[in-house]
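S.K.: could you work out the structure for the sequence below:
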Amino acid sequence: QIELVESGGGLVQAGGSLRLSCAAAGRIFSSVAIGWFRQAPGKEREIVCGINRRGGLYYSESAKGRFAISRDNAEQTVYLQMNSLKPEDTAVYYCAAETDGAIYDTAQRYDYWGKGTQVTVGS
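M.R.: Residues are numbered from 1 along each chain as shown. Down below sits the predicted model:
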């Protein structure tokens, strides 16, 4: 069992930055992969980026060059630094844990989810 809590969302103007946090409690955090997903109204949940148990990274095309994911195993926290935000980045952002330790780009592969944090980017 692992519990995830996202924080750091909010309202920001286009071109601004936000740093999201995903705090974990429960099983050995260092053994899981963490993915950040987002879901905009009327759209399917999509992966933004992920970090596996060895620190390997994955970014979606929309995140490359603008977003950066990192993890602090001692703090059991994963961070998502988002820069150069655009209105199309507006969504609820979720972190999810994959207990095999690998990154997958489909939400169905993830075992545990946080409740999400709203990110709104004004134009």
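S.K.: which residues touch residue 105?
M.R.: Applying Cβ atoms under 8 Å, 6 or more residues apart in numbering to residue 105 gives the contacts 47, 50, 58, 60. For every residue, glycine as well, the C-beta is placed using N, CA and C.
S.K.: pLDDT wise, what is it at?
M.R.: With respect to pLDDT, residue 105 has a value of 94.
S.K.: where does pLDDT dip in this structure?
M.R.: Within the chain, no stretch falls below the threshold (pLDDT under 70).
S.K.: strands of that one, residue ranges please.
M.R.: Secondary structure of the chain (DSSP state E): strands located at 2-7, 10-13, 18-26, 33-39, 46-51, 57-59, 67-72, 77-82, 91-98, 112-113, 117-122.
S.K.: sheet partners, orientation included, of the first one?
M.R.: Take DSSP bridges as the rule and strand 2-7 pairs in its sheet with strand 18-26 (antiparallel).
S.K.: the last one too?
M.R.: Applying DSSP bridges to the sheet, strand 117-122 is found paired with strand 10-13 (parallel), strand 91-98 (antiparallel).
S.K.: what comes into contact with the shortest one?
M.R.: Put plainly, it is strand 10-13. Under Cβ under 8 Å, 6+ apart, the answer for strand 10-13 is 18, 85, 118-122.
S.K.: how about the longest one?
M.R.: Identification of contacts with strand 91-98 by Cβ under 8 Å, 6+ apart yields 2, 4, 6, 9, 20, 22, 24, 32-40, 43, 45, 48, 50, 78, 80, 104, 107, 109-119.
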